[in-house]
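In: what would the 3D arrangement of this be:
(2 chains)
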Amino acid sequence: MDNPENLPHPFHPMQDELPPSSNHAFTIDRRKFLTLSGGGLIVALVSNNFLSFAGETLPQESSTAPVGEVAAWIHIDEEGLVSVYTGKVEFGQNIRTSLSQIVAEELMLPVSSITMVMGDTDLVPYDAGTFGSRTTPQMGTQLRKAAATAREALIEMAAKNWNIPITGLTAENGMVVNSAANKKTGYGALTKGRQILRSISDNVPVIAAKEWKIAGKTVPKVNGRSFITGKHQYVSDMQLPGMLYGKVLRAPSYDAKLVDANDAKAKAITGVVVVRDGDFMGVVAPDVRTAGKALLAIDAKWEETNGQPSNANIFDYLLKNASGESERRSSGDTKGNVEEGLNAAEFKHAKTYNINYIAHTPLEPRAAVAEWIDGKLTVWTGTQRPFGVQEELADVFKLNKEKVRVIVPDTGSGYGGKHSGEAAIEAARLAKTVQKPVKIVWTREEEFTWAYFRPAGVIEVSAGVNKDGAITAWKFSNYNSGGAGLDTQYKTANKQIAYIASKTPLRQGSYRALASTANVFARECHMTDLARMVKMDPLAFRLKNLDDDRFIAVLQTAAKSFGWTNSKTSGHGFGIAGGFEKGGHIATCAEVAVNADKEVKVIRVTQAFECGAIVNPHQLENQITGAIVQGLGGALFERIDFAGGKILNPGLSAYRVPRFSDVPEIEVVLIDRKDLPSAGAGEAGIIGIAPAIRNAILDAAGVALTDLPLIPNGVLP
Amino acid sequence: MVLNVNGIKHEITVDPDVALLNVLRNHLDLTGSKYGCGEGACGACTVLVNGKPVHSCITPVSAVGGKEITTIEGLEKNGKLHAVQEAFLTIDTFQCSYCAPGMIMSAVALLNNNPAPSADAIVKAMNGNICRCGTYPNIIKAIKLASKS
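Out: Next up is the predicted model:
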């Protein structure tokens, strides 16, 4: 497996939200592996050293695995039940289902016989986190090979038992079958009483996507019933015996220092404990209401920081605080001479695009339950990085990682916004003082104020184009948004592309598809502007400047299904945009209507998407539709308003997110490339909607908008 | 005071201004109804009071004494899902599903009131419920499916 921390990615996906040190050695606690797994067959990506330590009893497969790395393992117990151990977590992407399908396919078992053990640092191998559309291409591939290795091992074991060659033996429905002799034996019976380890073979035969019977098909969410009955216990629903409720004192504005706090009145409330540790102050109470009352009873004096920027000057602020030349990072793909290319162009076009901060707004806010038993800390929390939060906790409490267990039950969404462990640390601090389990659930206002945002950014684009539609130069400078999706995917002889860090007044971090929501917006707006300058159709102009077959295919598919060349109703406009990100190729067509009062309505959206071989069509369509709907918010109206170190719209009545009435007619066209490896689908689906709508508004009304959100008040300027 | 929740009477001792959601979740261990915003703006806490959808996060418990309260836990009868739950399961509607209980309660209220709602009526009735995963088109499909059963 590629170690995600070592991927050749010039822009770390989580530049600001993480604590500084995150240099995890990929080691596995061998005792954990061996004691947990018990008897039965275990297949893991492990080093040969590990196997020799474990007293391996069967011939080893040769493994190219890097020493000490374990990505995931599969265990088949004596009853034939299959458990898959992975550090990935379920936040609604439905990977609990799709990964089960991948394992079931290779092991020739029904999905229902597989249990996914996910995101529990005591039970599963290290994983950097669930982000970056990496679950399907990386974890999916590993599990596929692990399951195939297990299947082949079981066949070998049956052959040995029957004392026959493996030729003619097949795996079917949890059994190894010898059809010639009409004999079969269950997986569990084969592994009985022995602990058997196998390393994953890179050369193991896996089932080709075009032969898939379980993967590639729509399989319903594996534990769907527990969600629609309200029985699933999210962290915010958990109760432990003797559990108390915590609340944390928050500063009135960013960077405020706690000068003095009188907690006498809070302490006087029955059952309340006040905890103070430097600037951290919190309360614990037998119920959440009393905790809230106790918090209000603290008389705190703060020293606030004046002169913090606001929406009114944020873009100037980001430009003024841009890092110096030496710290700038170009895409590595800069070529030719962009100034010469611009000078030689028949048409030139320069624009600045401004991107506002937006909030992930996961419907379940940050929550944690912490418990200390005999010096060991256990925290249940909804984080996309269970091992990252384990490290944060170990750092804060000066513990060995073995003394910290983080468990992530299936969580109420994240979208890149739950990489950090704030609530976990807070609950653990309070629990340590009171020596009882403590639960913390952030309020919506806390989530809006103390989590992190998608970065604001300024993107300057200058391009040159000739009458024939050839792009002569492309200069693209992004201030503060980040580097994802930075490089142009269109042909040009001269380009200069840079990401320039700046000083952010608000805490910022990963968001679904990272900075490509900003970079693709600017690029695709600019491309349509260029097409209009040379009087070319925006689709034809893109196709002329592309040589990526997969991108071309989604553009053509979306345009055809949408009816790109159809005539338009008066006052309506069409827009197109697209790109590719982490193996997901996307093209979006939008139709908008602009009326006499300059009100904009998105009428319909067609989005074509291709991410290799589809693992679960319904869940993929659900992801892509969801990404379009979520993207509508950042495109049209979502914006964090702030001034003086305060968030001015920290609630769902003030910060507008998409609702039923905002949803246009949506058509998703999936392209199933069974000849290509499956890639992730969580991110790329969101990048096309904003520029497609912007370009449709331009087509309808002749107004070339440049800022996200496009129409915070619902009308054109 | 006495609260009648899912056909069971509970004697509870709380301040009258405590939110119904707080009582359901923390006193009666009915955690299906969710906190999402605390201001009646997201619908995650929706329960039925005498058949009408109510935001339990902004409803003081004193306002519902003696009334019939139905939560997501009260829909399933003798192990059999409510028709609306069945439809949501069939469509495989959700992603993270945190909004699911509120969505389903709002949908039950809508269909009790209007067994065959138009698309516009669905949007109007459901507009107070937020799904951040953006599964609205699936939810509309599920409501239409339930309206046929």
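In: any idea how far the spatially most central residue of chain A is from chain B?
Out: Centroid-nearest residue in chain A, with Cα atoms, centre = their mean: residue A:131, separated by 3.6 Å. The span separating residue A:131 from chain B equals 15 Å under the rule Cβ to the nearest Cβ, to the nearest Å. For the C-beta atoms, the positions are set from N, CA and C on the backbone; glycine is no exception.
In: is it true that that residue touches residue A:416?
Out: Yes: here residue A:131 reaches residue A:416: they are 6.1 Å apart, a contact under Cβ atoms under 8 Å.
In: what sits in contact with each of the two?
Out: Listed as contacting both residue A:131 and residue A:416 by Cβ atoms under 8 Å, 6 or more residues apart in numbering or on different chains are A:384, A:510.
In: residue contacts, residue A:496?
Out: Counted by Cβ under 8 Å, 6+ apart, residue A:496 has contacts A:330, A:334, A:338, A:474, A:475, A:476.
In: one more pass at 7 Å, please.
Out: Shown in contact with residue A:496 (Cβ atoms under 7 Å, 6 or more residues apart in numbering or on different chains): A:334, A:338, A:475.
In: residues near the second one, how many?
Out: If I follow you right, that is residue A:338. 23 (other Cβ atoms under 10 Å in any protein chain shown).
In: how about the first one?
Out: By the measure other Cβ under 10 Å, the count of residues near residue A:334 is 16.
In: I figured it hits residue A:495, correct?
Out: Yes: Residue A:334 is within contact range of residue A:495, at 6.2 Å (criterion: Cβ atoms under 7 Å).
In: which residues of chain B lie near chain A?
Out: Taking Cβ under 7 Å from any Cβ of the partner chain, the part of chain B that reaches chain A is made up of B:18, B:22, B:26, B:31-32, B:35-39, B:41-42, B:44, B:72-73, B:76, B:85, B:88-89, B:92, B:94-101, B:104, B:123, B:126-127, B:130, B:132-138.
In: are any of these buried, and which?
Out: B:18, B:22, B:26, B:31-32, B:35-38, B:41-42, B:44, B:72-73, B:76, B:85, B:88-89, B:92, B:94-101, B:104, B:123, B:126, B:130, B:132-138 (16 or more other Cβ atoms under 10 Å in any protein chain shown).
In: give me the secondary structure label for residue A:603.
Out: Following DSSP: H, G, I helix; E, B strand; the rest coil, we place residue A:603 in the strand state.
In: show me what contacts it?
Out: Neighbours of residue A:603 in contact, by Cβ under 7 Å, 6+ apart: A:572, A:591, A:592, A:593, A:664, A:665.
In: could you do residue A:375 as well?
Out: residue A:403.
In: tell me the pLDDT at it?
Out: In this model, residue A:375 is scored at 96, pLDDT.
In: any idea how far chain B is from it?
Out: Computed as Cβ to the nearest Cβ, the residue A:375 to chain B distance reads 30 Å.
In: can you check residue A:167 too?
Out: 41 Å.
In: next, count neighbours for that residue.
Out: Residues near residue A:167, counting by other Cβ under 10 Å, number 7.
In: likewise residue A:162?
Out: By other Cβ under 10 Å, the residues close to residue A:162 number 15.
In: tell me who's in contact with it.
Out: By Cβ under 7 Å, 6+ apart, the neighbours of residue A:162 are A:178, A:183.
In: try it again at 10 Å.
Out: Neighbour list for residue A:162: A:169, A:176, A:178, A:181, A:183, A:185 [criterion: Cβ atoms under 10 Å, 6 or more residues apart in numbering or on different chains].
In: give me the element the residue nearest to the first one when sequence neighbours are not counted is part of.
Out: Distances taken as Cβ to Cβ, 6 or more residues apart in numbering or on different chains place residue A:155 nearest to residue A:169, at 5.0 Å, with adjacent residues excluded. Assignment of secondary structure by DSSP states H and E places residue A:155 within helix A:141-162.
In: which helix or which strand is home to the residue of the stretch 551-700 of chain A found nearest chain B?
Out: For the stretch 551-700 of chain A and chain B, the shortest gap (Cβ to the nearest Cβ) falls at residue A:629, measuring 2.8 Å. Using DSSP H and E, residue A:629 maps to helix A:617-636.
In: describe which strands the following helix or strand past that helix pairs with in its sheet and in which direction.
Out: The helix or strand immediately downstream of helix A:617-636 is strand A:642-643, counting by DSSP H and E. The pairing partners recorded for strand A:642-643 under DSSP bridges are strand A:646-647 (antiparallel).
In: contacts for the partner strand?
Out: A:251-254, A:256, A:304, A:308, A:310, A:357, A:359, A:445, A:448-450, A:453, A:506, A:640-641, A:654-655.
In: out of these, which sit inside strands?
Out: Under the assignment DSSP state E, those contribute A:359, A:453 to strands.
In: worst-scoring helix or strand of chain A, pLDDT-wise?
Out: Least confident helix or strand of chain A, by mean pLDDT, DSSP states H and E, is helix A:48-53 with a mean of 42.
In: give me the below-cutoff pLDDT ranges for chain B.
Out: Scanning chain B for pLDDT under 70 picks out nothing.
In: ranges for the strands of it?
Out: Here chain B has its strands, by DSSP E, at B:2-5, B:8-11, B:46-49, B:52-55, B:68-70.
In: mind listing what's buried along the shortest one?
Out: Neighbour-count burial for strand B:68-70 flags B:69, B:70 (criterion: 16+ other Cβ under 10 Å).
In: for it, name the packing helices and strands.
Out: Secondary-structure packing of strand B:68-70 (3 or more Cβ pairs under 10 Å, 6 or more residues apart in numbering or on different chains; DSSP states H and E): strand B:2-5, strand B:46-49, helix B:100-113.
In: residue A:553 is nearest to which of these?
Out: Smallest distance to residue A:553 across the helices and strands packed on strand B:68-70 (Cβ to Cβ): 35.5 Å, for helix B:100-113.
In: buried residues in the closest one?
Out: Buried, per 16+ other Cβ under 10 Å, within helix B:100-113: B:100, B:101, B:102, B:103, B:104, B:105, B:106, B:107, B:108, B:109, B:110, B:111.
In: pick out whichever of those sits closest to residue B:81.
Out: Checking the buried residues of helix B:100-113 one by one against residue B:81 (Cβ to Cβ), the nearest turns out to be residue B:104, at 10.0 Å.
In: surely that closest one touches residue B:70?
Out: No: using Cβ atoms under 10 Å, residue B:104 is not in contact with residue B:70, being 11.0 Å away.
In: how's chain B carved up into domains?
Out: The record assigns chain B these domain ranges, following automatic domain parsing: B:2-74, B:83-148.
In: would you turn these into a markdown table with distance to residue A:100?
Out: Shown next, in a markdown table, are the domains of chain B (distance: least, Cβ to Cβ, whole Å):
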| stretch | distance to residue A:100 |
| --- | --- |
| domain B:2-74 | 25 |
| domain B:83-148 | 14 |
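In: residues in contact with residue A:511?
Out: Residue A:511 touches A:357-360, A:415-417, A:452-455, A:481-482, A:484, A:517-518, A:634, A:683, A:686, counting by Cβ under 10 Å, 6+ apart.
In: my guess is residue A:255 contacts residue A:505. True?
Out: Yes: contact criterion Cβ under 10 Å: residue A:255 and residue A:505 qualify, at 9.3 Å.
In: overlap in contacts of those two?
Out: A:308, A:645.
In: do a quick rundown of the strands in the stretch 351-500 of chain A.
Out: All strands of the stretch 351-500 of chain A, identified by DSSP state E, counting those that start in this stretch, fall at A:358-359, A:367-373, A:376-381, A:404-407, A:438-441, A:453-454, A:457-465, A:471-479, A:495-500.
In: go through those and pick out the most buried.
Out: Stretch with highest mean neighbour count among these: strand A:438-441 (a mean of 28; mean count of other Cβ atoms under 10 Å in any protein chain shown).
In: helices or strands up against it?
Out: Using 3+ Cβ pairs under 10 Å, 6+ apart, strand A:438-441 sits against strand A:244-248, strand A:280-285, helix A:288-297, strand A:367-373, helix A:422-434.
In: I'm done for today, thanks for sticking with me.
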